[in-house]
Every structure is written in structure tokens, then in C-alpha cells.
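J.: Sequence first, predicted model second:
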Amino acid sequence: MSNFKLISQKLPKLIVILGPTASGKTELAIKLAKKLAPYRARSGAGFNGVEIVSADSRQVYKEMDIGTAKPLEKERKKISHHLIDVVNPNEDFNVAIYKKMAVEAIKDIQKRKKIPFLVGGTGLYIQSVVDNIDFPKVPPQKKLRGELEKKTEKELFKIYKKLDPKGAKLIDRKNKRRLIRAIEVCRVTKESFWKKRRKGNPLFDVLQIGLLPTLRPSHPTLPPKNGNFSPEYIEKIKKRVDKMFKQGLEKEVKNLVKKYGWNLPVMQTIGYQEWKKYFEGKVSKKVVKEKIKLHTIQFAKRQMTWFKRNKRIHWVKNYKGAEKLVREFIQN
């Protein structure tokens, strides 16, 4: 048995539930959390329930509820959630801050003899906790950020590629916030952003469960290749966007713009950035809706590209498969 296996057996347990947007991971996590209470009583397992730690880079922000698809308030009352609504939209937030807060929340849950579920679709946030990554401590460079904010994702990626060719192969080239941060770190440290990230010793004994979106029949048990999503999953994304519009997404965006303006990094994300031209009278609401749907589908493909690199993920198609993995993990 390897030293890592010996160490991992002594570490406190952490269950990760991940997947692309609208795959149903939040619902799965809540259902599992509710089911584990009676299972705990029958099996005599040494834990007192489950609490959820969000791994979503946008749900950390207050006032951004509909566009980020936060879990309903009533669900959050039944199962405690952490790292939702922790900062204002105009406050600086990055993966290093997230990792620190997430690890603190997870350890607190474990201290209270509960099992933490780390749930979300932000791959880098999840990896930061699972692999105990130490990120470069570079404070925000306001002047540089102001200059970079004016550039497009394509222009930013070109700049970053020159500074860090290896990192450019791994970064999400459509994530403006992450590109700006990577350029910022490279410029300040004069080193590769990717090389500056270092893995530490594991903090937790981790089970990673990936919830597959509905796939085409030709790929019933594997992550979709080249974003080969089924029509059912695409339709699910579209219906989710329709629901956001009915819930009042336009009003949410309008209030945010009125309070903070368009220049915040969080306003350059899917569900929010598409409204700018509408408020300027350049496009219709129908165009806004279709763009959000398209951008969400493209984002789901990028998420799956990231997740497919991780060979430690146990992919499941439904609740039954996830429950089996969780029970075995807890028993061990």
C-alpha cells in the first residue's frame, strides 16, 4: 500500500459532487443529504448529518440570485449551505480566497461530526480544495486591471499566451476574470501563473462524483466527447434560462447596473453581460435570451473539457449510482 493511501485513510472524509451547469448536481446533493440521516441511524455511522459547501464562483456574490441559479431559500434552510452570499458584487474575490474559506468551512463541518459535500461546477475551485493548491499571493493591481478590463477575451488570451504558453493550454480562454488574474500574476511575479500554483499534502480523504448530463445513446456511460450533448440536455438548459426570465432576471440585472454599473468583473459573466446591448436599445429581449442559452451551452462544453482531465472522478448517470458510491465511501 502506498504512503498516500495510508495517509488518506486517516484523513477526514469529503464528498465532492460536480458536473456542468444544469446537470442537476445541486438537487442530487440535497437528495443525498436528506437520505443519509436515516442511513446513519441504521448503520451506526459516526456522523451527524450533511452540510453543503458551494463550489460556484458566482454564487458567492450577494444580489446575484436568479442569474447564478442559487439553491432555493427553503432548501438552504433544510440543509445548511456555505459560501453562498459571502461577498458584495464590487468586492475582490478569487480562487485563493475561496480555497481558504472553503477549507475553513469544511473543517468546521467535520469538527461537528458531519460530512461535508463540496458541490458545484467551478473546476478550479474544486481542484484548489481537493489538491490543496497554494496560489500566488499577489494583491490586485487596480491600474493594470482597469486596462485589461477594456480588452476582449480574445485579446486577453493572446496577451496571456505570450506570458505563459504552458498555462494558456489549460486556462479557460473564455473566462475573462481568470485571464485577467493570470496576466496580473505573470506581470507581477515575472513567472508562469500555472507554475506558481503548488500542490500541498492532501487535507481530506475525497470521493469525487461527477453527474453526467443526459448523453447521446452512443455514449451512455462516458463524459460526452467534444461537447456531444443530447437534445434533452440542451433543452434542459434552454428551459432553465426561460425560467430565469420568468423569475425576473431582467429586474435583477437592472438593479445591479443601477447600483454598480457595467464595469464589475461579475457583470461580464453569462446571464448578465448579454443585457448591456438590450439596455442600450440595440437588441431585443428575445436576442438576449437566445444569447444566454447559446453561451450557457458553450460554457457547459468548457466545463466538461476541464472535468475530463480529472481521472479520479466517478461518473454517474443518476441518483442511484451516486448513493451507492457514497454509502460505500462512508462505510470504508
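T.: Nice, I can see it. Remember, it's a predicted structure, so these values are computed and weren't measured experimentally.

J.: Counting residues, name the longest helix you see in the protein.
T.: Taking DSSP state H as the criterion, the chain has its longest helix at helix 285-307.

J.: After that helix, which helix or strand is next?
T.: Later in the chain than helix 285-307, the nearest helix or strand by DSSP states H and E is strand 314-316.

J.: one step back: could you list the buried residues of the longest helix of the chain?
T.: 288-289, 291-293, 295-297, 299-300, 302-304, 306-307 (16 or more other Cβ atoms under 10 Å). Yep, even glycine has a C-beta here, placed from its N, CA and C like the rest.

J.: Name the residues that touch stretch 85-93?
T.: Contacts with stretch 85-93, where a contact means Cβ atoms under 8 Å, 6 or more residues apart in numbering, come from 59-64, 70, 101, 140, 256, 260, 264, 266-267.

J.: Mind doing that once more with 10 Å?
T.: Residues outside stretch 85-93 that contact it (Cβ atoms under 10 Å, 6 or more residues apart in numbering): 54, 57-65, 70, 76, 97-98, 101, 105, 139-140, 142, 145, 177, 256, 259-261, 263-267, 272.

J.: cool, and stretch 156-165?
T.: 148-149, 151-152, 167-176, 178-183, 185-187, 190-196.

J.: where exactly do the helices run in the stretch 151-300 of the chain?
T.: Ranges of helices in the stretch 151-300 of the chain, per DSSP state H, counting those that start in this stretch, are 153-163, 165-168, 176-189, 193-196, 231-247, 249-260, 276-279, 285-307.

J.: between these, which one is nearest to residue 22?
T.: Counting by Cβ to Cβ, residue 22 lies closest to helix 231-247 out of those; the figure is 4.9 Å.

J.: Pull up the per-residue confidence for residue 295.
T.: Residue 295 carries a pLDDT value of 96.

J.: rewinding a little: quick one: which of the helices of the stretch 151-300 of the chain is nearest residue 135?
T.: helix 193-196 (7.4 Å).

J.: in that closest one, what's buried?
T.: For helix 193-196, using 16+ other Cβ under 10 Å, the buried residues are 193-194, 196.

J.: could the residues you listed go into a markdown table alongside pLDDT and distance to residue 158?
T.: Formatted as a markdown table, these follow (pLDDT from 0 to 100; distance: Cβ to Cβ, whole Å):
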| residue | pLDDT | distance to residue 158 |
| --- | --- | --- |
| 193 | 78 | 15 |
| 194 | 76 | 17 |
| 196 | 72 | 21 |
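
J.: hang on, residue 15 in a helix?
T.: No. When DSSP: H, G, I helix; E, B strand; the rest coil is applied, residue 15 is found to be strand, with no helix at that position.

J.: What is the burial count for it?
T.: 26 (other Cβ atoms under 10 Å).

J.: Is it correct that it is in contact with residue 330?
T.: Yes. With contact defined as Cβ atoms under 10 Å, residue 15 and residue 330 form a contacting pair (8.5 Å).

J.: Quick check: neighbours shared by the two?
T.: 36, 115, 207.

J.: Just the ones in strands from those, please.
T.: Among the shared contacts of residue 15 and residue 330, the ones falling in strands (DSSP state E) are 115, 207.

J.: can you list the weak-confidence ranges in the protein?
T.: Residue ranges of the chain with pLDDT under 70: 1-9, 37-46, 214-227.

J.: Can you name the residues that contact the residue most central in space within it?
T.: Nearest to the geometric centre of the chain sits residue 122, at 2.2 Å (Cα atoms, centre = their mean). Residue 122 sits next to 18, 54-60, 95, 98, 128, 175, 303, 306 when contact means Cβ under 10 Å, 6+ apart.

J.: Report the two of those separated the most.
T.: 60 and 306 (18.9 Å).

J.: Where does residue 22 fall, secondary structure wise?
T.: Under the assignment here (DSSP H and E), residue 22 is part of no helix and no strand.

J.: What spatial separation is found between it and residue 68?
T.: 12 Å (Cβ to Cβ, to the nearest Å).

J.: likewise residue 128?
T.: Counting by Cβ to Cβ, the gap from residue 128 to residue 68 is 19 Å.

J.: now swap in residue 330 and tell me
T.: Taken as Cβ to Cβ, the span from residue 330 to residue 68 is 30 Å.

J.: More neighbours: the two, which one.
T.: residue 68 (21 against 18).
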